[in-house]
Structures are given as structure tokens and as C-alpha cells.
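**Student:** Would you be able to build a 3D model of this:
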Amino acid sequence: MAQIWIALIAILILTYIKWLSECPWAMSNVFVFSRNQLHTFNDMVLLIKALSGIPRPPTDEENRLLALFS
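**Tutor:** Residues are numbered from 1 along each chain as shown. This is a model prediction of the structure:
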């Protein structure tokens with residue numbers, strides 16, 4: 001019975017990460033990606049966004065540089 005609950009919690013967490021990252025990947029790709037990232041400490045939402053091609057908002061430093069050249 002514990003395995004079912006652990007699997008449901010894992011699916012819930014990965015679904016939430018997929019929803020936060022707004023990535024167009026299939027759920028199986030998110031599972032594979034998370035399995036490969038288990039032993040590293042990374043922000044998975046930012047990694048999935050970076051790999052899926054969704055642009056990140058510019059940082060304050062980038063905004064200041066853009067304002068200088070505009």
C-alpha cells in the first residue's frame with residue numbers, strides 16, 4: 001500500500017513541476033529528466049524552461065543594459 005502512495009506523491013510533484021515550468025513536454029519526458037537530475041541540486045523548473053525554449057524574463061542587469069542602448 002505504501003508503494004501506491006509514494007507513486008501518487010511522485011506523480012503529483014512532477015505534475016506540479018511541469019505545470020510551473022509551462023513546458024510543452026510529455027509527462028514521460030519530465031519523468032526521464034527528473035530521474036537524470038536526482039543526484040544534483042538544481043532548480044528543475046528553470047532547467048525545464050531553459051531546455052524547452054521558453055525564454056526567461058530579463059534580469060535587472062540586462063534591463064539596465066538595454067535601457068543604455070535604447
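
**Student:** Scan the helices and strands of this structure for the one with the lowest mean pLDDT.
**Tutor:** None of the helices or strands of the chain scores lower by mean pLDDT, DSSP states H and E than helix 44-52, at a mean of 75.

**Student:** Run the chain-centre distance for the helix or strand just after it.
**Tutor:** Note on helix 44-52: by DSSP states H and E, the next helix or strand toward the C-terminus is helix 60-68. Distance of helix 60-68 from its chain centroid, counting by C-alpha atoms, centre = their mean, to the nearest Å, is 26 Å.

**Student:** so where is the chain shaky, pLDDT-wise?
**Tutor:** 54-56, 70 (pLDDT under 70).

**Student:** what residue is smack in the middle of the chain?
**Tutor:** Val45 (2.1 Å; C-alpha atoms, centre = their mean).

**Student:** in terms of contact, does that residue touch Glu22 like I think?
**Tutor:** No: using C-beta atoms under 8 Å, Val45 is not in contact with Glu22; the gap is 9.1 Å. Bear in mind the C-beta positions are built from the backbone N, C-alpha and C, glycine included.

**Student:** if we look at stretch 26-44, which residues are touching it?
**Tutor:** Leu14, Thr15, Ile17, Lys18, Ser21, Cys23, Trp25, Leu47, Ile48, Leu51 (C-beta atoms under 8 Å, 6 or more residues apart in numbering).

**Student:** still on that earlier bit, CA-only coordinates of the least confident helix or strand of the chain in PDB, if you can.
**Tutor:** Extracted in PDB, the C-alpha atoms of helix 44-52 (Å, rounded to 0.1, in the frame of the first residue of the first chain):
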ATOM      1  CA  MET A  44      14.100  21.800 -12.100                       C
ATOM      2  CA  VAL A  45      11.600  24.400 -13.200                       C
ATOM      3  CA  LEU A  46      14.300  26.700 -14.500                       C
ATOM      4  CA  LEU A  47      16.100  23.800 -16.200                       C
ATOM      5  CA  ILE A  48      13.000  22.600 -18.000                       C
ATOM      6  CA  LYS A  49      12.200  26.100 -19.100                       C
ATOM      7  CA  ALA A  50      15.700  26.500 -20.400                       C
ATOM      8  CA  LEU A  51      15.600  23.200 -22.300                       C
ATOM      9  CA  SER A  52      12.100  23.700 -23.700                       C
END
